[in-house]
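Engineer: predicted model follows, preceded by the sequence.
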Amino acid sequence: MAKLAIVLLSDMKDPVKVEMGLRFATVALKENRLEDIRFFFFGPGVRVPGQLKDDENLRPVLDELLASGITTLACIFNARSLGEENNLRESEIQMQAIGSDLVNVVNQGYQLMTF
């Protein structure tokens with residue numbers, strides 16, 4: 001079975017990419033054809049949970065992703081530099097240095113998609 005890593009590099013300056021990344025992750029899980037799915041908030045993407053706090057349309061999509069069981073991580077370095085640590089903590093998204101995680105998923109044969 002294939003494995004998928006989704007990297008959200010966009011923030012709400014490009015809402016279509018944010019929505020497609022979030023929705024695609026949950027669709028991929030529901031299809032139940034993949035061995036594993038990982039989701040990474042990276043670069044400006046770490047802003048998304050804070051940007052969606054009061055978004056009636058996309059906050060439920062983010063909440064569905066977070067409740068789905070998909071391993072979801074955010075880059076601590078990007079979060080710190082962009083002042084997003086509290087928003088990620090409030091959303092209960094694990095923060096860590098994810099460069100090594102991204103190298104590992106590539107090494108393990110995951111298909112990488114960026115939004």
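Structural biologist: Done, it's in.
Engineer: show me the strands in the chain, by range?
Structural biologist: Counting by DSSP state E, the segments of the chain that form strands are 2-8, 34-41, 71-75, 94-96, 111-114.
Engineer: tabulate these (TSV), appending mean pLDDT.
Structural biologist: Output for the strands of the chain, formatted as TSV (pLDDT from 0 to 100):
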stretch	mean pLDDT
strand 2-8	98
strand 34-41	98
strand 71-75	98
strand 94-96	97
strand 111-114	98
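Engineer: closest one to Asn86 among these?
Structural biologist: Nearest to Asn86 among these is strand 94-96; the distance by CB to CB comes to 10.8 Å. Glycine gets a C-beta too; all of them are placed from N, C-alpha and C.
Engineer: report the buried residues of that closest one.
Structural biologist: Within strand 94-96, the residues scored as buried using 16 or more other CB atoms under 10 Å are Met95.
Engineer: what distance separates it from the centre of its chain?
Structural biologist: Distance of strand 94-96 from the chain centroid (CA atoms, centre = their mean, to the nearest Å) equals 11 Å.
Engineer: ok, the closest residue to Asn86 other than its chain neighbours to Ala74 distance?
Structural biologist: Leaving aside its sequence neighbours, Asn86 sits nearest to Gly50 (CB to CB, 6 or more residues apart in numbering; 8.0 Å). Distance, Gly50 to Ala74, using CB to CB, to the nearest Å: 11 Å.
Engineer: shared neighbours of the two, which are they?
Structural biologist: Residues touching both Gly50 and Ala74 (CB atoms under 8 Å, 6 or more residues apart in numbering): 84, 88.
Engineer: returning to what we had before: now do the residue nearest to Asn86, the pLDDT please.
Structural biologist: We have a pLDDT of 98 for Gly50.
Engineer: ok, back up a step: between Gly50 and Ala74, who's got more neighbours?
Structural biologist: A count of neighbours by other CB atoms under 10 Å puts Ala74 above the other of Gly50 and Ala74, at 27 against 19.
Engineer: contacting residues for the more buried one?
Structural biologist: Ala74 makes contact with 40-42, 45-46, 49, 84, 88, 93-95, 98 under the criterion CB under 8 Å, 6+ apart.
Engineer: for Ile70, same thing?
Structural biologist: Here Ile70 is in contact with 25-26, 29, 37-39 (CB under 8 Å, 6+ apart).
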